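**Q** Need the 3D shape of this:
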Amino acid sequence: MFAGENGLKGDPRLQAISQAIRVVPHFPKHGIMFQDITTLLLDHKAFKHTVDIFVDRYRDQHISVVAGIEARGFMFGPSIALAIGAKFVPLRKPRKLPGEVISEKYALEYGTDCLELHVGAVQPGERAIVIDDLVATGGTLSAGVKLLERVGADVVECACVIGVPNVKGQRRLIGKPVYVLVEPRKADKCYQDVMLVGS
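**A** The predicted model follows:
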């Protein structure tokens, strides 16, 4: 569900978050409108709004684990975890965690990838959320949910800053609610003009 449909309709913080995200056309390849959150991180007010909205949502839900998807989930997850009194657990790409791990593969447009979780980082029965910057197909978030459930965690929800419009229709990801702050921004007019000239 989108935050604007769940009690935050008209909240100026959502507009500030959306406006702080830069759109980079044709990156990393032609046809992709890359949603660059580094500009959101540069805007301390918009960054704070982002964290505050998630904190307000999860503060009273008895969450003990905030699991962040590598790498952009790491930018939001620790702040949320600290504010709600939870631990932050990184879900990393292969061979990045030094201890014993469990792994979960997931499909990409061309091939597969994998997330890993340290054994013992999450205990059975712990309530968890999974956070990332953007949800499109949901493959990465689904892998994160599966990892946590394999060790007995109760995954309450997936949370993302940006969600593509078709997420509105699905609202759930492998049975878990998805909470999204904003839709992807379209290219600014100057970028649109460049794209038209270039095509």
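
**Q** And the residue lying closest to Leu42 once chain neighbours are set aside, how far from Val178?
**A** Once flanking residues are discounted, Leu42 sits nearest to Ala20: 7.9 Å by CB to CB, 6 or more residues apart in numbering. Backbone N, C-alpha and C define where each C-beta goes, glycine included. Going from Ala20 to Val178 by CB to CB, to the nearest Å gives 22 Å.

**Q** Then Val164?
**A** 11 Å.

**Q** what is in contact with these two at once?
**A** Common contact partners of Val164 and Val178 (CB atoms under 8 Å, 6 or more residues apart in numbering): Val135.

**Q** Settle it for me: which of those two has more neighbours?
**A** Legend: neighbour count by other CB atoms under 10 Å for Val164 and Val178, higher for Val178 (21 against 16).

**Q** ok, Pro165 touching Glu183?
**A** Yes - assessed by CB atoms under 8 Å, Pro165 is found in contact with Glu183 at 5.9 Å.

**Q** what kind of secondary structure is Ala16 in?
**A** helix (DSSP: H, G, I helix; E, B strand; the rest coil).

**Q** Over to Val130?
**A** Per three-state DSSP, Val130 ends up strand.

**Q** Run a quick neighbour tally on it.
**A** Val130 has 31 neighbours, counted by other CB under 10 Å.

**Q** need the strands for this protein, in chain order.
**A** Secondary structure of the chain by DSSP state E: the strands cover 22-25, 33-36, 65-69, 87-91, 101-108, 111-118, 127-135, 154-163, 172-173, 176-182.

**Q** Contacts only, for Gly77.
**A** Gly77 neighbours (CB under 8 Å, 6+ apart): Val66, Ala67, Gly68, Phe88, Pro90, Ile131.

**Q** What's the separation between the closest residue to Gly163 other than its chain neighbours and Val24?
**A** Of all residues not flanking Gly163 in the chain, Val180 sits nearest, at 3.3 Å (CB to CB, 6+ apart). For Val180, the distance to Val24 equals 20 Å [CB to CB].

**Q** Check Ile102 too.
**A** From Ile102 to Val24 the distance is 35 Å (CB to CB).

**Q** swap in Ile84?
**A** 32 Å.

**Q** can you pull the contacts of the most centrally placed residue in the chain?
**A** In the chain, the C-alpha nearest the mean C-alpha coordinate belongs to Asp132, at 1.9 Å (CA atoms, centre = their mean). Residues in contact with Asp132 (CB under 8 Å, 6+ apart) are Gly68, Ile69, Arg72, Gly73, Thr140, Leu141, Gly144, Cys158, Ala159, Cys160.

**Q** if we go to 7 Å?
**A** Ile69, Arg72, Gly73, Thr140, Leu141, Cys160 (CB atoms under 7 Å, 6 or more residues apart in numbering).

**Q** Give the buried residues for the longest helix seen in the chain.
**A** Criterion DSSP state H: the longest helix present in the chain is helix 44-58. For helix 44-58, the neighbour count (16 or more other CB atoms under 10 Å) marks Ala46, Phe47, His49, Thr50, Val51, Ile53, Phe54, Val55, Arg57, Tyr58 as buried.
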